[in-house]
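[1] sequence first, predicted model second:
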Amino acid sequence: MKAIEFENVSFSYEEGGAFAIKNLNFSVEEGEFVAILGHNGSGKSTLARLTNGLLEADGGIIRVFGEQLTDKNLFDIRKQVGIVFQNPDNQTVASIVEDDIAFGAENIALPREEIGRRIDFALKAVGMEEFRHATVSRLSGGQKQRIAIAGVLAVMPKVLILDESTAMLDPKGRREIIDVVTRLNREQGITVLLITHFMEEALRATRAIVMNRGEIVMQGTPDDIFERHEELLTYNLTLPLIGRICKELRAGGMPVQDTLDASSLAKEIAACVSKQSI
Amino acid sequence: MRIQAEHLSYTYNPGSPFSSAALKDVSLSVEEGEFFGIIGHTGSGKSTFVQHLNALLRVPTSLKKYRKKHKAPPSNTVLRVGEFDLTDKKTDFNALRSKVGMVMQYPEYQLFAETVFEDVAFGYKNFAPEKPTKEQVESAVRDALTIVGLNYDEVKEMSPFDLSGGQKRRVAIAGVIVTKPEILVLDEPAAGLDPLGKQEVMELLHRLHASWCKTIIIVSHDMDEIAENCTRVAVFSDGEVKYVLPPKELFRHAEELLALGLDVPLTAKICLALKEYGIRLECDFTTEDFLKKALALQGKGGSV
């Protein structure tokens, strides 16, 4: 089943202005983990906001689980597509963690006991059970962002969109978020769209999409995408640092395979070195 | 201007149930001309420290309120920036602030004026000793926008909010450096930008270091950025300074840094992993030097 489907969708922020999204066709299968890459202003965030109707397309059709997005079903569709934004401080509404998580679920008028159950579920999903009664403002950035995710999860969406949700976090906070999202995708089957500037984060995805000027210009597994580094550069994107190092080593005559983490690159280098010395 | 801090402590909300010690007896000097890095995880005290440098946070003895409460100045605290003594309440803090520029995290959130020109001019007018002429303001703003890599005539009349993320950040930086500070402190200058934007900001900082600002201090979580750019690095942890070393020496302690919950540059991670294969690779942890040494391993059979 297709979770999200765009058919010839266009959008511009000003009437007659440049297209932020131009005649876009793309779809995401249920259960996929898709990374969306692109430089600032390439249309990534616009795409996210169109998907749950925060922005209305100028033309084309958007379907969520087969149902066309219209004014009438907007609120039903928002229950299915949750977005977590960049700044954790802009996404909290209550002072206590459990109240904050309940906000979305309260808004869709769920019975009280159900809300309680969903808070339990959401806290567990993001690994923050012991912070149920904590004060939101005293949490770290990564913890706040996990609470923001929990608030979205309490509505039980089938699709989770992260719009540069890790950009303002430190490396530890970033890892926390990516781990939580990966787990939600693998264990709960939640479809994930991860919009990011960190090329390393895209490596977790099953598919990567590169956007440029409102259009999809590259698509494939993260490995495929990063192999086409020359092309990436033309869209103002760079390889992850480790990719650049592999490439330079090869160019210098050390035949290492492309790899994506430090310890396997060390293994590659060690293999090349020992072969030489024998 | 040299920065000299000795026995500097700072507690938020002292005497209340929320009291928390952010700096504990910190001693740290930064020499004129350095490109200095400060690292440490969230809550380690690094922001509290840099906010002291232009007196956004004040040493208690420099406050009247404190003087009233405690008759004698207590401490052995020293905090000097060039000729300014920040422990003394008679210091001209306004003059200090024009010499020590501070670029906060996400400085583009602080843009406020209707045009780029007005936004950049604000800082200049604020710090000018007497009312500057129109020509003086114009030439200062032109210089500042030019050095951050923007075309003055193109952007001066634009709303700063119509610019791209990377351009906004550069306008915000221009608004700080327009007073030509000798020391420029930046908290996460490249955070949240796309890879190209990051590269442009780092190039800008080097351009400034070579021209207007003698000393640059960056607070960063990006260890690759630190390894590539800094002359020395201070590691903050739990309100204390654990190390002050050039990156070349600091990241030899990769294991200790990882134990502190900090990241290390990718090059250091690879060197650490190579040890398990009995290969010692010594480099200064910049990508360039790493590649050179790694390639030299070939043919030497394992040790450089």
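    The structure has been received and is ready for your questions.

[2] ranges for the strands of the stretch 51-200 of chain A?
    Secondary structure of the stretch 51-200 of chain A, counting by DSSP state E, counting those that start in this stretch: strands at A:59-64, A:67-68, A:81-84, A:159-163, A:191-195.

[3] just send those back as a markdown table, with mean neighbour count too.
    C-beta coordinates here come from the backbone N, C-alpha and C atoms, glycine included. Shown next, in a markdown table, are the strands of the stretch 51-200 of chain A (neighbours: other C-beta atoms under 10 Å in any protein chain shown):
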| stretch | mean neighbour count |
| --- | --- |
| strand A:59-64 | 17 |
| strand A:67-68 | 13 |
| strand A:81-84 | 24 |
| strand A:159-163 | 23 |
| strand A:191-195 | 25 |
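
[4] between the ones you listed, which gets nearest to A:Glu30?
    The minimum distance between A:Glu30 and these falls on strand A:191-195, with 5.6 Å, by C-beta to C-beta.

[5] hmm, back to that, ok, which of the strands of the stretch 51-200 of chain A comes nearest A:Ile149?
    strand A:81-84 (5.4 Å).

[6] any residues touching that closest one, and which ones?
    With contacts defined as C-beta atoms under 8 Å, 6 or more residues apart in numbering or on different chains, strand A:81-84 is touched by A:4, A:48-49, A:51-52, A:54, A:64, A:91, A:104, A:145, A:148-149, A:152-153, A:155, A:157-163, A:165.

[7] follow-up on the earlier one: any chance of the strands of the stretch 51-200 of chain A in TSV, with mean pLDDT too?
    Formatted as TSV, these follow (pLDDT from 0 to 100):
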stretch	mean pLDDT
strand A:59-64	93
strand A:67-68	92
strand A:81-84	92
strand A:159-163	93
strand A:191-195	95
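
[8] derive a ChimeraX selection command for the buried subset of the contacts of strand A:81-84.
    Here is the ChimeraX command that selects the buried residues among these (16 or more other C-beta atoms under 10 Å in any protein chain shown):
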select /A:4,48,49,51,52,64,91,104,145,148,149,152,153,155,157,158,159,160,161,162,163,165
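
[9] want to throw the strands of the stretch 51-200 of chain A into CSV with distance to A:Leu233?
    Listed next are those as CSV, based on distance: least, C-beta to C-beta, whole Å:
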stretch, distance to A:Leu233
strand A:59-64, 30
strand A:67-68, 38
strand A:81-84, 30
strand A:159-163, 24
strand A:191-195, 20
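
[10] list the contacts of the residue lying closest to B:Leu193 once chain neighbours are set aside.
    Closest residue to B:Leu193 apart from its sequence neighbours, by C-beta to C-beta, 6 or more residues apart in numbering or on different chains: B:Gly166 at 5.6 Å. B:Gly166 is in contact with A:Asn40, B:Leu193, B:Asp194, B:Leu196, B:Gly197, B:Glu200, B:Val201, counting by C-beta under 8 Å, 6+ apart.

[11] before we move on, which element is the residue at minimal distance from the centre of chain B in?
    Nearest residue to the geometric centre of chain B (C-alpha atoms, centre = their mean): B:Ile218, 2.5 Å. Using DSSP states H and E, B:Ile218 maps to strand B:215-219.

[12] packing partners of the following helix or strand past that strand?
    Sequence order places helix B:223-229 as the next helix or strand after strand B:215-219, per DSSP H and E. The elements that helix B:223-229 packs onto, with contact taken as 3 or more C-beta pairs under 8 Å, 6 or more residues apart in numbering or on different chains; DSSP states H and E, are strand B:35-39, helix B:195-210, strand B:215-219, helix B:266-275.

[13] residues from chain B in reach of chain A?
    When proximity is defined as C-beta under 8 Å from any C-beta of the partner chain, chain B approaches chain A at B:41-43, B:106, B:164-166, B:191-197, B:199, B:221, B:224, B:261, B:263, B:266-267, B:269-270, B:272-274, B:276-277, B:279, B:287, B:290-291, B:294-295, B:297-302.

[14] buried subset of those residues, written for PyMOL?
    The buried subset of the residues of chain B next to chain A, as determined by 16+ other C-beta under 10 Å, is captured in PyMOL by this line:
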select buried, chain B and resi 41+43+106+165+166+191+192+193+194+195+196+197+221+224+263+266+267+269+270+272+273+274+279+287+290+291+294+295+297+298+302
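
[15] quick one on the thing from earlier: correct me if wrong: the residue nearest to the centre of chain B contacts B:Ile38.
    Yes: counting by C-beta atoms under 8 Å, B:Ile38 is a contact partner of B:Ile218 at 7.1 Å.

[16] rewinding a little: so what are the sheet partners of the strand holding B:Ile218 and their directions?
    Sheet pairing for strand B:215-219, assigned by DSSP bridges, gives strand B:35-39 (parallel), strand B:183-187 (parallel).

[17] A:Asp261 contacts A:Gly243, doesn't it?
    No: A:Asp261 is beyond contact range of A:Gly243, at 11.3 Å (criterion: C-beta under 8 Å).

[18] neighbour-wise, which of the two wins?
    The neighbour comparison of A:Asp261 against A:Gly243 (other C-beta atoms under 10 Å in any protein chain shown) goes to A:Gly243, with 21 against 14.

[19] where does that one land in three-state SS?
    Here A:Gly243 is helix, with the state taken from DSSP: H, G, I helix; E, B strand; the rest coil.

[20] quick one: contacts for the nearest residue to it once chain neighbours are set aside?
    Residue nearest to A:Gly243 in three dimensions, not counting chain neighbours: A:Phe226, with 5.2 Å by C-beta to C-beta, 6+ apart. When contacts are counted by C-beta under 8 Å, 6+ apart, A:Phe226 touches A:Met199, A:Leu232, A:Leu239, A:Pro240, A:Gly243, A:Asp258.

[21] so the fourth one sits against A:Thr196, correct?
    What that stands for is A:Pro240. No: with contact defined as C-beta under 8 Å, A:Pro240 does not reach A:Thr196; the gap is 11.5 Å.

[22] higher neighbour count, those two?
    The neighbour comparison of A:Pro240 against A:Thr196 (other C-beta under 10 Å) goes to A:Thr196, with 25 against 19.

[23] and for A:His197, the neighbour number?
    A:His197, neighbours per other C-beta under 10 Å, totals 23.
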